[in-house]
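>>> How does the following fold in three dimensions:
(chains A and B)
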Amino acid sequence: IQMTQSPSSLSASVGDRVTITCRASQTISSYLNWYQQKPGKAPYLLIYAASSLQSGVPSRFSGSGSGTDFTLTISSLQPEDFATYYCQQSFSSPLTFGGGTKVDIK
Amino acid sequence: EVQLLESGGALVQPGGSLRLSCAASGFTFNNYAINWVRQAPGKGLEWVSGISGAGASKNYADSVKGRFAISRDNSKNTVYLQMNSLRDDDTAIYYCAKGGRDGYSQPERNWFDSWGQGTLVTVSS
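Numbering: from 1, shown residues only, chains lettered A, B, ... in the order given. All right, here's what the predicted structure looks like:
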């Protein structure tokens, strides 16, 4: 299953609402996860099962979608949110990630 | 506190072999799937392999199938990745990642809720 993220990069300001999309090449129900990665660090789980917020993750992060189309939204971008974001499907093996979306400062 | 510690990364020549280890603590190890995910320099994430809690179910990315083998020793709380016939494009940081779904130990229909710090594998002559 191929995962396509868009955009591949974006520039935004603190306080902006940011939306990242992820599309699967076939239906994956709600088996879609989102991760954040900062330079030199391991990825960090934000959202699992399309819309469930991982414990400890700020509520400004939210996920939605099912089937083939999914969205990660950051309601008000904070300085610590500048990072790369990846979607990942776990519907079937081989598990696959999207290509990533780099969010940087405008 | 969940901890995952990878080891075994090194510089190896093309065609060579390497075994990575992922030592876990802070959770009931045999109740959870463990996966390997890699990241080539400057590139995105690529899932490599996953193993169920009891070790009965193992899956691989097409790019490593037939060359890599995943296993686990639940008495030692450790997962291994045996890598054979290494190629230049296997160069990457290799992370182990724990399945996050309670009461469910398969890699599929799951998520990665804890990650190690990674170990670097460099394949070069």
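>>> Spatially central, which residue of chain B would that be?
The centroid of chain B falls nearest to B:Trp36 when counting by C-alpha atoms, centre = their mean (2.5 Å).
>>> what does chain B put close to chain A?
B:35, B:37, B:44-47, B:50, B:59-62, B:95, B:97, B:100, B:107-113, B:115-118 (C-beta under 8 Å from any C-beta of the partner chain). Just so you know, the C-beta spots here come from the backbone N, C-alpha and C atoms, and that holds for glycine as well.
>>> Out of the residues you listed, list just those in helices.
Using DSSP state H, no member of the residues of chain B next to chain A falls in helices.
>>> Disregarding flanking residues, what is the spatial nearest neighbour of the residue most central in space within chain A?
Closest to where the C-alpha atoms of chain A average out (C-alpha atoms, centre = their mean) is A:Trp34, at 3.9 Å. The shortest distance from A:Trp34 to any non-neighbouring residue, by C-beta to C-beta, 6 or more residues apart in numbering or on different chains, is to A:Ile47 (4.1 Å).
>>> The one you found looks like it's in a strand, true?
Yes - assessed by DSSP: H, G, I helix; E, B strand; the rest coil, A:Ile47 belongs to a strand.
>>> That one contacts A:Leu72, correct?
Yes - in this structure, A:Ile47 is within contact of A:Leu72 by C-beta atoms under 8 Å, at 6.6 Å.
>>> If you average the pLDDT over the helix or strand harbouring B:Ile70, what comes out?
Element membership for B:Ile70, per DSSP states H and E: strand B:68-73. The average pLDDT within strand B:68-73 is 98.
>>> That strand packs against which elements?
Applying 3 or more C-beta pairs under 8 Å, 6 or more residues apart in numbering or on different chains; DSSP states H and E, one finds that strand B:68-73 contacts strand B:45-51, strand B:58-60, strand B:78-83.
>>> quick one, which of the ones you listed is packed in tightest?
strand B:45-51 (a mean of 25; mean count of other C-beta atoms under 10 Å in any protein chain shown).
>>> got the buried residues for stretch B:83-95?
With burial defined by 16 or more other C-beta atoms under 10 Å in any protein chain shown, the residues of stretch B:83-95 counted as buried are B:83, B:86, B:90-95.
>>> what is the mean pLDDT for it?
Mean pLDDT, computed over stretch B:83-95, is 98.
>>> go on, stretch B:51-60?
Mean predicted confidence for stretch B:51-60 is 94.
>>> Just the terminal-to-terminal distance for it.
For stretch B:51-60, the first-to-last residue distance is 9 Å (C-alpha to C-alpha, to the nearest Å).
>>> Could you list the contact residues of chain A toward chain B?
So chain A meets chain B at A:31, A:33, A:35, A:37, A:42-45, A:48-49, A:54, A:86, A:88, A:90-100 (C-beta under 8 Å from any C-beta).
>>> Sort out for me which of those are in strands.
Members of the residues of chain A next to chain B lying in strands (criterion: DSSP state E): A:33, A:35, A:37, A:44-45, A:48, A:86, A:88, A:96-97.
>>> Reformat the buried residues of stretch B:83-95 into CSV and put distance to B:Arg67 next to each item.
Listed next are those as CSV, based on distance: C-beta to C-beta, whole Å:
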residue, distance to B:Arg67
B:Met83, 7
B:Leu86, 8
B:Asp90, 8
B:Thr91, 14
B:Ala92, 14
B:Ile93, 18
B:Tyr94, 14
B:Tyr95, 19
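>>> number of nearby residues for residue 73?
With no chain named, the answer covers chain A. Using other C-beta atoms under 10 Å in any protein chain shown, A:Thr73 has 15 neighbouring residues.
>>> that's the wrong chain, I meant chain B
12.
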